[in-house]
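Undergrad: Provide a 3D model corresponding to the input given below.
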Amino acid sequence: MNFPWYRIIPQTGPLQQRDIIRNCQVLQPPKKLEAHRQESIIVKEIDAIVMTQSCDLGQNKVEIVLVSPFYQLKDF
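TA: Down below sits the predicted model:
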């Protein structure tokens, strides 16, 4: 099935909202954090879509970029 409303393009400019990042490394903290206890953090790789607004990214107004898992329709 061909979806003409998006295509893969090389990264030529700054990161923008709606960009898809393949194999994006994200940190997964433990489900429960306890004070004064060292916990392990898991690093996962996911396909992700950028949710942070492009204007905030372009003006360096954020320290952390919000991403969400990205799934293709064919995976369902």
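Undergrad: would you map the strands across this structure?
TA: Under the criterion DSSP state E, the chain carries strands at the ranges 20-28, 42-50, 67-69.
Undergrad: so for L57, which of those strands sits nearest?
TA: Ranking the strands of the chain by proximity to L57 (CB to CB) places strand 42-50 first, at 7.7 Å. (C-beta placed from N, C-alpha, C; glycine too.)
Undergrad: tell me the angle the closest one makes with strand 20-28.
TA: If you take axes from the mean of the first three to the mean of the last three CA atoms, to 10 degrees, strand 42-50 sits at 140 degrees to strand 20-28.
Undergrad: partner strands of strand 42-50, parallel or antiparallel?
TA: The pairing partners recorded for strand 42-50 under DSSP bridges are strand 20-28 (antiparallel), strand 67-69 (antiparallel).
Undergrad: dump the ones you listed into CSV; add distance to Q53 as well.
TA: Shown next, in CSV, are these (distance: least, CB to CB, whole Å):
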stretch, distance to Q53
strand 20-28, 16
strand 67-69, 13
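Undergrad: per-stretch mean pLDDT over those strands, give me the minimum one.
TA: Mean pLDDT across the strands paired with strand 42-50 is lowest at strand 20-28; the value there is a mean of 93.
Undergrad: returning to what we had before: mind putting the strands of the chain into JSON lines with distance to Q11 and mean neighbour count?
TA: Putting the strands of the chain into JSON lines (distance: least, CB to CB, whole Å; neighbours: other CB atoms under 10 Å) gives the following:
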{"stretch": "strand 20-28", "distance to Q11": "9", "mean neighbour count": "12"}
{"stretch": "strand 42-50", "distance to Q11": "12", "mean neighbour count": "14"}
{"stretch": "strand 67-69", "distance to Q11": "15", "mean neighbour count": "13"}
